[in-house]
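Novice: Using only what follows, build the 3D model:
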Amino acid sequence: MSSVDRRDTRFFFDRKRSRPDDEGEDDADGRGEGDIDQVDVIASKIADSRTKANAASTQATSNSHSLRNPTKSRTHHGSVEILKLQIPQNQNPWKKFKPLLQVRQGCPAIMARSIPPDQQLYAVRSIASTEKDKHLRAIQQLSLLPGRGIDQVRETFDWSGTLFVVTQYVKPSLSQIITSQDRPTEAHIAFIAQKILISLVLLEEQGLLHGSLDSSFVLIPPSCVPILAHPPYWRSIASSKQFIDTAALANLIVRLVERSVIIGSEEELHVREPHNWSPAIIDFIECARRLPASGLRDHAFLQLRCQPLDIQDLRSVADHTTWCHWQFLEPGDGAPE
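Specialist: From the prediction side, this is the model:
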């Protein structure tokens, strides 16, 4: 895609564009980064003086480099407001955040409080310098999405050759639901699968793959609507196997159904089906291993079984857990100075 001057620009997204069927292998050299942006972006210049004045005002405030009060711009995608990501701050993140615990928020991260403290906890993760540009590009794309199924980036810092990404800290993940004493119902599983699938469809429309989807990357916030934590590095559909995320979703559902690792080959799924589980969930698992996310959203399992849930029930499943993965940071144990 040729470069477009996006200043003074409105964006219109064509989300009905069909994806190419050709797949490639992972590109270790990072080639194919230019193929990440798969969405048709039609930029229309607005020449009236009011828009130019707004653009000048936006440019004047961009020097703050803060995502806590990001610039909002309205699109013609319904009444959705999107966030305009600003460039990373060139300063030490530990001047603005106080580290508390070393945790897993998908990737290993450090739970922290802001300085001065507010009512939120934050997760600060570091991104390797070799993945920095690709990660920033993915964050920029995700900032344009209308959905909330991906963990929202609050701030970014470019310090000492490392990219630091700050998101809100979410305590429980799908790992705790899988290992909890309470067995999730089929309606719970359909609800979880549907919300994860919505996020995967959004990524697919952007030409992105999560690539690291396991139970620790599916966060369960207080709303009990699952969100996906950022992976250690983003992949493009053009340079990866297209079904890697939906196959990972199938594995997660199997673990929710029977609490064991998946057994079998890509052609045949061996899963012990309890008498009270419908064949629809097994068919969904099999389809997820060979179809992209967009090919699963109308599956009968989600249409028939995903009914409005008692959120308190789902929260009780997530709350009756132990947090054995926490580790207090001590001097000399990797705690930032």
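
Novice: I'd like the mean pLDDT over stretch 195-205, please.
Specialist: Mean per-residue pLDDT for stretch 195-205: 92.

Novice: how about the helices in the chain?
Specialist: Shown for the chain, the helices assigned by DSSP state H span residues 49-61, 132-142, 174-179, 186-205, 244-258, 279-288, 300-305, 311-319.

Novice: Turn these into JSON lines, including mean neighbour count and distance to Leu163.
Specialist: For glycine as for every other residue, the C-beta is placed from the backbone atoms N, C-alpha and C. Below are the helices of the chain laid out as JSON lines (neighbours: other Cβ atoms under 10 Å; distance: least, Cβ to Cβ, whole Å):
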{"stretch": "helix 49-61", "mean neighbour count": "12", "distance to Leu163": "23"}
{"stretch": "helix 132-142", "mean neighbour count": "19", "distance to Leu163": "4"}
{"stretch": "helix 174-179", "mean neighbour count": "19", "distance to Leu163": "26"}
{"stretch": "helix 186-205", "mean neighbour count": "22", "distance to Leu163": "20"}
{"stretch": "helix 244-258", "mean neighbour count": "21", "distance to Leu163": "23"}
{"stretch": "helix 279-288", "mean neighbour count": "19", "distance to Leu163": "32"}
{"stretch": "helix 300-305", "mean neighbour count": "17", "distance to Leu163": "36"}
{"stretch": "helix 311-319", "mean neighbour count": "16", "distance to Leu163": "30"}
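
Novice: JSON lines for those, including distance to Phe164?
Specialist: Formatted as JSON lines, the helices of the chain follow (distance: least, Cβ to Cβ, whole Å):
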{"stretch": "helix 49-61", "distance to Phe164": "22"}
{"stretch": "helix 132-142", "distance to Phe164": "10"}
{"stretch": "helix 174-179", "distance to Phe164": "24"}
{"stretch": "helix 186-205", "distance to Phe164": "23"}
{"stretch": "helix 244-258", "distance to Phe164": "26"}
{"stretch": "helix 279-288", "distance to Phe164": "34"}
{"stretch": "helix 300-305", "distance to Phe164": "37"}
{"stretch": "helix 311-319", "distance to Phe164": "28"}
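
Novice: Of all the ones you listed, which one is nearest Pro222?
Specialist: helix 311-319 (7.6 Å; Cβ to Cβ).

Novice: sorry, back to before: tell me which of the helices of the chain lies nearest to Pro226.
Specialist: Closest among the helices of the chain, using Cβ to Cβ: helix 186-205, at 4.7 Å.

Novice: Now do Gln89 against Ser114, distance only.
Specialist: 13 Å (Cβ to Cβ, to the nearest Å).

Novice: same check, this time on Pro279
Specialist: From Pro279 to Ser114 the distance is 50 Å (Cβ to Cβ).

Novice: And for Gln242?
Specialist: 39 Å.

Novice: how about low-confidence regions in the protein?
Specialist: Residue ranges of the chain with pLDDT under 70: 1-86, 146-147, 181-182, 239, 259-276, 304-337.

Novice: Got the domain ranges for it?
Specialist: Domain assignment of the chain by the TED database yields the ranges 93-169, 174-323.

Novice: Run a quick check on Ala193 versus His299, I expect a contact.
Specialist: No. Applying Cβ atoms under 8 Å, one finds Ala193 not in contact with His299, separated by 9.1 Å.
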